[in-house]
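> Turn this into a structure:
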Amino acid sequence: MKSFRSLGVPALAVLLAVCISAPSAAQEPKGTLVFAVESLAAQTLDPILEGRPGNAVYQAVMYDSLVGFDLEKGGVGPGVAERWVMSEDGLSWTFHLRAGQVFHNGDPLTAHDVKFSLERQMSPKSLAAAAGSMRRSIKSIDVVDDLTVRVNTNEPQLGLPAALSRAVAPEGSIMPKKYLETVGEEEFRKKPVGSGPWKFVRSVPGDRIEFEAVSHAHWRGRPRFKSLHILQIPEESTRVAMVRTGEAAIASISPETVLGAGRGGLEVLTVPGTMQAVFQFYGTWRPSVRDDPITKPRVRQALSLAIDRQQIIEHVMAGKAQMPRPFSTFGFTDGLSVERWKKWSDEAYRYDPALAKKILAEEGYPNGFELKFANVALPGTQFMISIGTAVADMWT
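Numbers count the residues shown, from 1 in each chain. Sure, this is the predicted structure:
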């Protein structure tokens, strides 16, 4: 797979209408928190049937991930596993789970559930984005004891914990082995059970998903509201209006709305480093497209050189983004030199339209060529349409 990145690590932006103080230990959750989003994607609560967008928007509240998110510095942190260690030969990772974790139906969460979940995520029927790469890299999974699981790999996989973290991807979501095997997949999809701080209540296709706070203490924190309703509201102006009128407490917004959203008592929260805007060329190795211009590395280089990313950052993303770097190379990335990749990014992702035209001419396309690419806005990434339009304009 070949790819170029049009923009790096944009910020997730939401509007907040309320300021909530932390409840005391004895205070029971009450009220309903309403979150208005632009899309609910596939709107499935089965982790193997949904990719990253759905996981980030609505699955993460009810499912815990093997590796979690570090709320202080960003990036990976403890999750269902409180710590993990790589073997000396680099061919296995051992994950040590937190004690006392339970699913919403009361079943204990053990290493057997972790093994079951990872194998289900990498099964042929899985639609998870990383299912294929998991099948290629993971050799086997062993349950050492109820709180210890070992993942054996075909070759050293330094990034395996990050790949199983909600900070990066959804494939680490843990599902209840006993419950799923007892009721079957179809019933599980109707009445899903996880171990997160919110448990499933109902899903209305194309409209909403409703959750209820768990009654027990949870390592991710106890919800402050009794209910959570995630509503699909495609029109951004309607989402903003709902926050202003109190119909919703939180709404996702695009970067261009951030600048004026602070008026009227609304609070804008931006979370940096939550995602990358990426356009990818899949399948360039296939014989059926061997004569296509994009199969040539230098043509792809020319396309990248023709993109003025800084202009996109300033005018499309309203300054709420930064220049891209390779995947998993952020300020919180362990074991990698972020400064080295920043220098690489400055060179590799520079804007040089003259050189782009020169390369195309040398490759046999002095007058350019026709190129079509899919440009869609998934949940939480509504800005992708604007970015794609800007990129198309720069290529024209």
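> so what's the nearest residue to L33 once chain neighbours are set aside up against?
Excluding the flanking residues, the one nearest L33 by CB to CB, 6 or more residues apart in numbering is F225, at 4.1 Å. For every residue, glycine as well, the C-beta is placed using N, CA and C. F225 sits next to P29, K30, G31, T32, L33, A213 when contact means CB atoms under 8 Å, 6 or more residues apart in numbering.
> mind listing the helices for the stretch 1-150 of the chain?
52-54, 111-121, 131-137 (DSSP state H, counting those that start in this stretch).
> now those helices in TSV, with distance to W93 and mean pLDDT?
Listed next are those as TSV, based on distance: least, CB to CB, whole Å; pLDDT from 0 to 100:
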stretch	distance to W93	mean pLDDT
helix 52-54	22	60
helix 111-121	11	98
helix 131-137	11	93
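> Could you name the specific helix or strand carrying R298?
helix 297-305 (DSSP states H and E).
> Output that helix as CSV, nothing but the C-alphas.
Coordinates of each C-alpha in helix 297-305 appear next as CSV, following Å, rounded to 0.1, in the frame of the first residue of the first chain:
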residue,chain,number,x,y,z
PRO,A,297,6.6,6.2,-7.1
ARG,A,298,7.9,9.4,-8.7
VAL,A,299,4.4,10.3,-9.9
ARG,A,300,3.1,9.9,-6.3
GLN,A,301,6.0,12.1,-5.2
ALA,A,302,4.9,14.8,-7.6
LEU,A,303,1.4,14.7,-6.3
SER,A,304,2.7,15.2,-2.8
LEU,A,305,4.9,18.0,-3.8
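> Figure out which of the helices of the stretch 1-150 of the chain is closest to S345.
Among these, helix 52-54 comes nearest to S345, with 22.3 Å by CB to CB.
> Would you agree A41 is in contact with V57?
Yes. In this structure, A41 is within contact of V57 by CB atoms under 8 Å, at 7.0 Å.
> which of the two has more neighbours?
Ranked by neighbour count (other CB atoms under 10 Å), A41 and V57 place V57 first, with 24 against 20.
> are any of the contacts of F225 buried, and which?
Using 16 or more other CB atoms under 10 Å as the burial test, the contacts of F225 include P29, L33, A213 as buried.
> who's in contact with stretch 207-224?
The contact list for stretch 207-224 (CB under 8 Å, 6+ apart) reads 20, 22-23, 29, 33, 40, 43, 45, 58, 61-62, 64, 68, 98, 101-102, 104, 196-203, 225-232.
> Now that we have these, which of them are buried?
Going by neighbour count (16+ other CB under 10 Å), these have 29, 33, 40, 43, 45, 58, 61-62, 64, 68, 101, 104, 196-200, 203, 225, 227-232 buried.
> Just send the helices of the stretch 1-150 of the chain back as TSV, with mean neighbour count too.
Shown next, in TSV, are those (neighbours: other CB atoms under 10 Å):
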stretch	mean neighbour count
helix 52-54	22
helix 111-121	22
helix 131-137	16
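> Out of the ones you listed, which gets nearest to T257?
Nearest to T257 among the helices of the stretch 1-150 of the chain is helix 52-54 (19.3 Å), distances taken as CB to CB.
> Mark out where each domain of the protein begins and ends.
Domain segmentation of the chain under automatic domain parsing yields 2-8+274-395, 18-248.
> Pull up the distance across stretch 69-89, start to finish.
27 Å (CA to CA, to the nearest Å).
> Likewise for stretch 142-152?
8 Å.
> Now do the same for that stretch: mean pLDDT, whole number.
For stretch 142-152, mean pLDDT is 98.
> the strands in the stretch 201-350 of the chain, which residues?
Using DSSP state E, counting those that start in this stretch, the strands of the stretch 201-350 of the chain run over 208-213, 227-232, 250-252, 267-271, 277-281.
> same question for the shortest one, mean pLDDT?
By that I understand strand 250-252. Strand 250-252 comes out with an average pLDDT of 90.
> tell me which residues of it are tucked away?
I250, A251, S252.
> in its sheet, what does it sit against?
strand 12-16 (antiparallel), strand 32-37 (parallel) (DSSP bridges).
> Least confident of those strands, on average?
strand 12-16 (a mean of 60).
> Name the spans of the protein whose pLDDT lies under the cut-off.
The model of the chain has pLDDT under 70 over residues 1-26, 51-55, 73-75, 167-168, 259, 262-265, 271-275, 327-338, 377-380.
> Wait, S140 touches N152, no?
Yes. At 4.7 Å, S140 counts as touching N152 under the criterion of CB under 8 Å.
> ok, the residue lying closest to P353 once chain neighbours are set aside - how many residues close by?
What sits nearest to P353 in space, not counting adjacent residues and going by CB to CB, 6+ apart, is A306, at 5.4 Å. A306 is flanked by 21 other residues according to other CB under 10 Å.
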